[in-house]
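Undergrad: just to be clear, the model below is a prediction. Sequence and coordinates:
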Amino acid sequence: MKNTLICPRCGNIKLYRVRRNKLMCSSCRYEWRPDRLPLRLRNDQWETILRHFIADHCSNRISRETHIERRRILRALLVLRRVIANDLVSCLDGCIIDILDGLSEAYPLEETRRRPLYVFLCQRKEIYATAVPEEGRSRLVEELMGSKVCFSVAQWREGVDVKTRRYTHRVHQFENEGQIDLVNRFWKYLWGSLIGRGGIRYRRLPLYLAEYAWKFNHRNTSKVRQRKLLLDLLSY
Ligand SMILES: [Zn+2]
C-alpha cells in the first residue's frame, strides 16, 4: 500500500524486476514495462479517456466517442482507479494506513452480504474515502478514536419505506470545525456523483470512493493539470 508501483492487471504490489527492464507481478505473473503507459493504449488514447474520466462520463459514452471497445475502456478505468486509490493513501499518516490495512484484512468486502460502510478520513485538507463491511464497524471506531485523524462513517439505515431507507453519515472525531464542513461537502458531492450509479460490486467500492475523493481533492485544479497528474500516475 505504501509502494507506488502496482500491477496494472490485478493491483498487487509485490513485483519482481525481470528481463528487459520489465516488472513482473508475483500474483498474476503479468509482465510490463513500467516506463510505458499500461494496456497497449497509445498516449493520445489515454489522454482522451482521461478527459472523459475527469468529466465523469460513463464507459459506454467513452467507448462510443473514442472508438475503443467497451471492454478495453472498462479495463482502462479499472487500472486508473487502482492507481488513484494507491496514490490517495499518501494523504494519510502511516499509522492510519496500518489501521485501515488491518481492517481490510480482517473484514474482506468480498464476504459481506450487507451494505458496506463508507469511511471518510480527513487529514490536513484532504479527504480519503474507502469502504469497510459493517461487521468491522466497532473495531474501526475503536481503533480510529484517539488517533490524529478526523473521521466520519456513513451507514445504511433500513427504513420502513424507500424514503427512510438511506445512508446517513456521522462525524465521529474532528480537530476543527473546518474538517466537519469538508467531510459534509464531500458527502454531498459523493451523494450526487456515486449514489445514483448502480451496479457497483462491493469489492470495487473502495476504488470508486477513492476516485471521487481524488476528484474532490482536486476540485480546484484545472482539468489540464488533473490530466497531467493522472498521466504521471499511470506512467509510474
Ligand atoms: Zn498482477
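TA: Perfect, I can see it now. Numbering: from 1, shown residues only.
Undergrad: can you show me the strands along this structure?
TA: 15-18, 22-25, 31-32, 117-123, 126-132, 150-157, 166-173 (DSSP state E).
Undergrad: can you check which of the ones you listed gets nearest to the ion?
TA: The ion lies closest to strand 22-25 among the strands of the chain, at 3.1 Å (Cβ to the ion). C-betas here are computed from N, CA, C, even on glycine.
Undergrad: elements contacting that closest one?
TA: strand 15-18, strand 31-32 (3 or more Cβ pairs under 8 Å, 6 or more residues apart in numbering; DSSP states H and E).
Undergrad: ok, now which ones touch the closest residue in space to Arg227 that isn't next to it in sequence?
TA: Spatial nearest neighbour of Arg227, chain neighbours left out: Leu50 (4.8 Å); criterion: Cβ to Cβ, 6 or more residues apart in numbering. Leu50 makes contacts with Leu80, Gln226, Arg227, Leu230, Leu231, as judged by Cβ atoms under 8 Å, 6 or more residues apart in numbering.
Undergrad: could you do Arg20 as well?
TA: Contacts of Arg20 (Cβ under 8 Å, 6+ apart): Arg33.
Undergrad: list the buried residues for the longest helix along the chain?
TA: In terms of residue count, the longest helix belonging to the chain (DSSP state H) is helix 70-88. Of all the residues in helix 70-88, those buried under the rule 16 or more other Cβ atoms under 10 Å are 72-73, 75-88.
Undergrad: point to the helix or strand of this structure where mean pLDDT is at its lowest.
TA: strand 31-32 (a mean of 83; mean pLDDT, DSSP states H and E).
Undergrad: tell me the strands beside it, with direction?
TA: strand 22-25 (antiparallel) (DSSP bridges).
Undergrad: from the rest of the structure, what touches the partner strand?
TA: 5, 7, 9-10, 12, 14-18, 30-34.
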